[in-house]
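1. Quick one, fold the following:
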Amino acid sequence: YRPAMSTELEACLPIELRGPGTTIARIAAGLSGAGVYRVEAAGRAYVLKVAAPQEPLEGWRVRIDIQRAAADACVAPRVVHVDETRHAVVTELVADRSLVARFVDPATRAAAIGAALRRVHALPIPDGAVARDPRAFLATIWAGLAGFPLPAWVGDVVRCALDESPPPSDRAAVLSHNDVNPSNLVYDGDRVLFLDWDTAGANDPLYDLAAVAVFLRLDDATSATLIAAHDQAPVAAPLPARFDYLRRLVAALCGTLFLHVARASGHAGASGPETIDLVPTLADVYGGMRGGAIDPRTPDGQWQFGQALLKASALVHPRDAS
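-> Numbering: from 1, shown residues only. Presented below is the predicted three-dimensional model:
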């Protein structure tokens, strides 16, 4: 489409991509308020991301530096253009060749992602990069849900994640992507690439690995393959206590975040006594998404996804494990 707004967006593009044949279509709006658009120009496709007006320039510059370094390391799409005045960045649109189709065996798939994350974590942490504290973020999101009708078990899971003492880390902080979920993973036929670097910063390397394990529903044996590919060394059983803890924390954090998004999108919250046993699992939700019964872009889909993640956190907790 080419309404008046597209003229302003087109100004974010390099000159060679502007013109009457250029089309710009909105893809999504990020949680930060950024606008994300698909650009078709000169027979090729790109992604334009325009940061929210209130975002500080220095923080945005650090993110762009990280994204450029990741692209140079072949773990992110190529950066085509940066417009500092408009807080805009244009990257190549990568056609996903399906990681699942290429690597049918979950262990082989996990090994490919682990090796790619090793390259991410080898990138230098730039000056000004934010150190992410997922427990503090969970506490903030949870406080923001005050007054929203929630099943009692949700509060139990969140409080458990917040009250649990983290096992000590024996790894140095690295540059972490911090949002490795399936929507931010693509396979271009040759490489595993990571999208959306908005939350990248210094963190425990096991955090990204734990996120992969949660969202891809990896069992312990496959999680060991993931960690071994990342570390380029065998992993002794049982899995590191820190990794197990981070799986619970990631699931609780992401689940709570999805409930927050559902509320902001207009979901009314719990409508009656809802128990954890009645909540669909992540496998159920993924099946519903594939069949079209669940849409994570809708309030109800976000509500179901959030609860499924929180259930996953509860199911891997030592007190609930069998």
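
2. Tell me which residues touch the residue nearest to residue 240 when sequence neighbours are not counted, please.
-> Leaving aside its sequence neighbours, residue 240 sits nearest to residue 206 (C-beta to C-beta, 6 or more residues apart in numbering; 6.9 Å). Any C-beta I mention is one placed from the backbone N, CA and C, and that applies to glycine too. Neighbouring residues of residue 206 by C-beta atoms under 8 Å, 6 or more residues apart in numbering: 169, 171, 227, 240, 242, 243, 246.

3. element containing the first one, please.
-> Per DSSP states H and E: residue 169 is located in neither a helix nor a strand.

4. So for it, what's the nearest residue that isn't a sequence neighbour?
-> Nearest non-adjacent residue to residue 169, counting by C-beta to C-beta, 6+ apart: residue 204, 5.1 Å away.

5. And the contacts of residue 206, which of them are buried?
-> Applying 16 or more other C-beta atoms under 10 Å to these, the neighbour count classes 169, 227, 240, 242, 243, 246 as buried.

6. per-residue confidence for the residue nearest to residue 169?
-> Model confidence at residue 204, given as pLDDT, is 97.

7. Then residue 272?
-> At residue 272, pLDDT is 81.

8. and it, what is it in contact with?
-> Contact partners of residue 272, counting by C-beta under 8 Å, 6+ apart, are absent.

9. follow-up on the earlier one: mind checking which of the buried ones among the contacts of residue 206 are in strands?
-> Assignment to strands by DSSP state E places none of the buried ones among the contacts of residue 206 there.

10. Mind telling me the two of these farthest from one another?
-> Maximum pairwise distance in those, criterion C-beta to C-beta, is 13.9 Å, between 169 and 227.

11. Need the nearest residue in space to the residue nearest the centre of the chain, chain neighbours excluded.
-> Closest residue to the average C-alpha location of the chain: residue 179 at 2.8 Å, with C-alpha atoms, centre = their mean. Using C-beta to C-beta, 6+ apart and skipping residues adjacent in sequence, the residue nearest residue 179 is residue 199, 4.9 Å away.

12. Quickly note the distance from the one you found to residue 255.
-> 16 Å (C-beta to C-beta, to the nearest Å).

13. With residue 239 instead?
-> Distance, residue 239 to residue 255, using C-beta to C-beta: 21 Å.

14. ok, those two, which is more surrounded?
-> Between residue 239 and residue 255, counting by other C-beta atoms under 10 Å, residue 255 is the more crowded of the two (28 against 19).

15. Quick check: longest helix in this structure by residues?
-> Longest helix of the chain, by residue count under DSSP state H: helix 241-264.

16. Which parts of that one count as buried, going by neighbours?
-> 242-263.

17. What of stretch 111-129?
-> Buried-residue list, stretch 111-129, by 16+ other C-beta under 10 Å: 111-114, 116-121, 123, 125-126, 129.

18. Beyond the host helix or strand of residue 135, next helix or strand please.
-> For residue 135, the enclosing helix or strand under DSSP H and E is helix 134-143. Counting by DSSP H and E, the next helix or strand C-terminal to helix 134-143 is helix 152-163.

19. Quickly find the element holding residue 48.
-> strand 44-50.

20. counting contacts, what elements does the next helix or strand after that strand pack onto?
-> Sequence order places helix 57-72 as the next helix or strand after strand 44-50, per DSSP H and E. Applying 3 or more C-beta pairs under 8 Å, 6 or more residues apart in numbering; DSSP states H and E, one finds that helix 57-72 contacts strand 79-83, strand 88-92.

21. Report how many residues lie close to residue 233.
-> By other C-beta under 10 Å, 9 other residues sit near residue 233.

22. Phi and psi next, for it.
-> phi -160, psi 150 (degrees, to the nearest 10).

23. Show me where the stretch 151-300 of the chain has its helices.
-> When secondary structure is read from DSSP state H, counting those that start in this stretch, the stretch 151-300 of the chain shows helices at 152-163, 205-215, 220-231, 241-264, 282-291, 299-315.

24. Turn those into CSV, columns for distance to residue 103.
-> Listed next are these as CSV, based on distance: least, C-beta to C-beta, whole Å:
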stretch, distance to residue 103
helix 152-163, 31
helix 205-215, 13
helix 220-231, 11
helix 241-264, 21
helix 282-291, 17
helix 299-315, 22
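
25. and of those, who's closest to residue 68?
-> Per C-beta to C-beta, nearest to residue 68 of the helices of the stretch 151-300 of the chain: helix 205-215, 19.4 Å.
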